[in-house]
Structure formats: structure tokens, C-alpha cells
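In: prediction below, plus the sequence it came from.
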Amino acid sequence: MDIRLNKELQNKLDIFVSSKGKKLSDFKKICDIDEFTYSKQEIDAIQDLYTQSINEDNLSIKEYIYIYIGEALIHNAGGEWSIGKLKKDEAYGQPIILHYGNPEKDHIRIFPEAWLYRLENGTIRTSISQLIEICKE
């Protein structure tokens with residue numbers, strides 16, 4: 001069952017998609033790199049950067065890392081950005097990743113915010129790079 005986006009959600013998605021390129025560009029400057037490779041080593045380094053920002057109580061880079069994680073997933077496992085459509089879902093109205101991994105399998109949506117929340121609370125059981133590897137299946 002495919003649920004169409006209402007005008008408000010479509011507008012949120014359009015704003016997000018049109019702004020993510022600039023935010024990734026700004027994040028490259030923060031990280032002092034020319035291009036993201038989305039390699040395991042780079043993803044792990046970004047996770048370490050986020051963990052360090054949590055410890056320093058400086059979450060100003062959270063939005064950049066949210067976008068980076070989504071782009072890393074798309075780069076490594078396929079998929080596309082969408083927006084949470086179900087009102088009872090914690091991701092309602094927030095950017096999510098759909099249509100990733102093996103097209104023969106049904107996949108749940110990926111909500112990068114949930115991964116960051118688990119990092120913040122120490123409840124993530126593996127690295128983000130390993131989660132992305134799992135999403136390829």
C-alpha cells in the first residue's frame with residue numbers, strides 16, 4: 001500500500017532535498033575533506049565525531065551527520081530520500097530512506113534520527129557502518 005504525500009509533507013520533502021546538497025558541502029568544510037567516499041572507515045570516523053560532540057554537549061553538527069548517514073546508506077545500499085507519512089510513526093514528517101538493499105525483499109524505512117538517538121543514549125549495538133552493511137541485504 002503506497003500512501004501519497006499530502007501537500008505539507010511534499011513541501012517538507014522538497015525543502016529537505018533542495019537543501020541537503022548545501023548542508024553536505026558545509027559538512028565537508030567542517031570535516032576538512034574534498035569529497036565524501038562513504039567508506040567504512042569514513043563512516044566510522046563520522047560516528048566518532050558525533051560521539052565526541054555528544055560528550056562535549058555540542059550537537060550543532062547533528063543535522064549534518066543525519067544527512068551524511070542517509071547519503072552513506074544510499075551510496076552503499078541504494079535507496080532514496082522520502083518523508084515519514086504515517087502519523088503514528090516516530091518519523092512522521094521527517095526525512096527517511098526507502099527502497100534500499102535487495103529489491104526482492106521488503107524493507108522497513110530507515111530513520112537516521114533513530115540511529116543518532118541510539119548513539120546519544122548508548123543503546124546502539126553495532127556501528128553505523130555495520131548497520132549500513134546489513135541494509136545491503
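Out: Thanks, I have the structure now.

In: use CA for all of it now, contacts and neighbours both
Out: OK.

In: span of stretch 30-43 from start to end?
Out: End-to-end span of stretch 30-43 (Cα to Cα, to the nearest Å): 15 Å.

In: ok, stretch 115-126 next?
Out: 10 Å.

In: what about it, distance to the chain center?
Out: The chain centroid and the centroid of stretch 115-126 are separated by 13 Å under Cα atoms, centre = their mean, to the nearest Å.

In: one more: stretch 8-18?
Out: The mean C-alpha position of stretch 8-18 is separated from the chain mean by 16 Å, Cα atoms, centre = their mean.

In: so which bits of the longest helix that the chain contains are buried?
Out: Scanning the chain for the longest helix, with DSSP state H as the assignment, gives helix 7-31. Of the residues in helix 7-31, 9-10, 12-13, 16, 20, 23-25, 27-28 count as buried by neighbour count, 16 or more other Cα atoms under 10 Å.

In: now, among those residues, which is nearest to Ser60?
Out: When these are compared for distance to Ser60 (Cα to Cα), Phe27 wins out at 11.2 Å.

In: surely that closest one touches Tyr64?
Out: Yes. With contact defined as Cα atoms under 8 Å, Phe27 and Tyr64 form a contacting pair (6.0 Å).

In: for the residue positioned nearest the centre of the chain, which three-state class applies?
Out: Nearest residue to the geometric centre of the chain (Cα atoms, centre = their mean): Gly70, 2.8 Å. Under DSSP: H, G, I helix; E, B strand; the rest coil, the three-state class of Gly70 is helix.

In: likewise for the one 4 residues further on?
Out: Under three-state DSSP, the three-state class of Ile74 is helix.
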